[in-house]
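Engineer: Could you look at this predicted model? Sequence included:
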Amino acid sequence: MKAHDQISSLNIKIKNLEDVNQTLNQLLSEMSEASSNEMKAMKLEMEAMKADKVMKDEQLQIPYAVVESHLKMNVHAAFEEIEVRRDEERRLERERHLAEEATHKNKGIINDTQEVVGSASQPDIGSSSSQQDIEMVEVVEVQEQEVVEDEQEMVEAEEVQEPEFMIVGLMLFKEREGQERYCY
């Protein structure tokens, strides 16, 4: 009888495991179906987003076309010109900054030279310092002239050019009735 009881007990365990296996398979199938439905929904949403983007791109082209037609200019070319001008302004700013640093450095050299000139102008015993004084003054004058010329070049380079055109903003408003209205 013991063997028969063990076999019955094992048959019950097998039946329970088959039920659990069937339940797990059913859950897996439901999850797979839900995942498939979710993927379909995501694909539909992505297609809708792409269609919306195409529509918005087309709507965005309307103001560009109106501006380009009205002003008789290429907006993209004008933007590129603005970018070039901004780059040029940044370059001029860097050059001005470097020139200022050079000016400060040259002023430091001039001050050092003047200190040397001041100490060199003290008479040495047994030597004539007038020739050295003249040479040091000439060096200081040449350096001061270079600083003045550098500052003049930077001022000339910083002159702002007047723009050749002006971009006018264009806004597209949608009214409640679905009609579109342009605002310049």
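Structural biologist: Received, thanks. Numbers count the residues shown, from 1 in each chain.
Engineer: Helices along this protein, start to end?
Structural biologist: In the chain, the segments counted as helices under DSSP state H are 2-71, 75-120, 130-157.
Engineer: Quick one: work out the angle between the longest one and helix 75-120.
Structural biologist: Between helix 2-71 and helix 75-120, the angle formed by their directions is 80 degrees, by axes from the mean of the first three to the mean of the last three Cα atoms, to 10 degrees.
Engineer: Which neighbouring elements make contact with helix 2-71?
Structural biologist: Contacts defined by 3 or more Cβ pairs under 8 Å, 6 or more residues apart in numbering; DSSP states H and E place helix 2-71 against helix 75-120, strand 171-174. In this view, the C-beta of every residue, glycine as well, is placed from N, C-alpha and C.
Engineer: could you redo the last one with a cut-off of 10 Å?
Structural biologist: helix 75-120, strand 171-174, strand 180-183 (3 or more Cβ pairs under 10 Å, 6 or more residues apart in numbering; DSSP states H and E).
Engineer: one step back: format the helices of the chain as JSON lines; extra columns: mean neighbour count and mean pLDDT.
Structural biologist: Putting these into JSON lines (neighbours: other Cβ atoms under 10 Å; pLDDT from 0 to 100) gives the following:
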{"stretch": "helix 2-71", "mean neighbour count": "10", "mean pLDDT": "92"}
{"stretch": "helix 75-120", "mean neighbour count": "12", "mean pLDDT": "80"}
{"stretch": "helix 130-157", "mean neighbour count": "13", "mean pLDDT": "59"}
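Engineer: Show me this structure divided up by domain.
Structural biologist: What automatic domain parsing lists as the domains of the chain is 2-70, 75-157.
Engineer: any idea how far Val54 is from Tyr64?
Structural biologist: Going from Val54 to Tyr64 by Cβ to Cβ, to the nearest Å gives 16 Å.
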